[in-house]
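Q: quick check, what structure comes out for this input:
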Amino acid sequence: GGRLGLNDANARDKFVGPLGSLDNQAFIGIRCKSKHTLAATNKGEVFSWGYNQFGQTGHGPHGLADWEPRLIRGLEGIQIKQVEVGEDHSMALSEHGDVFTWGRGLYGQLGHGDVNDIYFPFLVRALQGKGVGSIGA
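A: Residues are numbered from 1 along each chain as shown. Sure thing, here's the model as predicted:
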């Protein structure tokens, strides 16, 4: 639920206007899959919303869904230039080439050397200092 970011689980057949917390934001990238959405602003901030069973929204293990767009506090102070989403995980790339991942880690897709779920953005240490230019999920 909450994948549209409209604070409910209702289907829509027409445009309902801008999402409140995203009003007056300029975006450099918005990525979504069937369960959740990430939106990166021109200020380097990242907002997320949608299904959160594995922490893929980056707001912690507080519930199954984030119904409205929320700023990901774990990335505050880091200039993010790109975001990507997998089915149950998320990625962000900083302007300095650092990669952050979070969400479901069952198959090791987070790159942290284990299969743990991570509920907040976490630096992929194996890629630190490698000059990563873009990411994909």
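Q: pairing partners for the lowest-mean-pLDDT helix or strand in the chain, with directions?
A: The helix or strand of the chain with the poorest confidence is strand 65-71; it has a mean of 85 (mean pLDDT, DSSP states H and E). Applying DSSP bridges to the sheet, strand 65-71 is found paired with strand 46-51 (antiparallel).
Q: buried residues in the strand it pairs with?
A: 46-51 (16 or more other Cβ atoms under 10 Å). (Each C-beta comes from the backbone N, C-alpha and C, glycine too.)
Q: got it, and stretch 54-71?
A: For stretch 54-71, burial by neighbour count (16+ other Cβ under 10 Å) applies to 54-59, 65-70.
Q: is it possible to export the residues you listed to a markdown table including distance to residue 29?
A: Listed next are these as a markdown table, based on distance: Cβ to Cβ, whole Å:
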| residue | distance to residue 29 |
| --- | --- |
| 54 | 22 |
| 55 | 21 |
| 56 | 17 |
| 57 | 16 |
| 58 | 15 |
| 59 | 19 |
| 65 | 22 |
| 66 | 19 |
| 67 | 22 |
| 68 | 19 |
| 69 | 14 |
| 70 | 17 |
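Q: picking up where we left off before, redo the buried residues of strand 46-51 as a markdown table? Include pLDDT and distance to residue 121.
A: As requested, those are exported to a markdown table (pLDDT from 0 to 100; distance: Cβ to Cβ, whole Å):
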| residue | pLDDT | distance to residue 121 |
| --- | --- | --- |
| 46 | 98 | 8 |
| 47 | 95 | 13 |
| 48 | 95 | 10 |
| 49 | 92 | 15 |
| 50 | 91 | 16 |
| 51 | 90 | 17 |
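Q: dump those into JSON lines; add distance to residue 111 as well.
A: Formatted as JSON lines, the buried residues of strand 46-51 follow (distance: Cβ to Cβ, whole Å):
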{"residue": "46", "distance to residue 111": "18"}
{"residue": "47", "distance to residue 111": "23"}
{"residue": "48", "distance to residue 111": "19"}
{"residue": "49", "distance to residue 111": "24"}
{"residue": "50", "distance to residue 111": "22"}
{"residue": "51", "distance to residue 111": "22"}
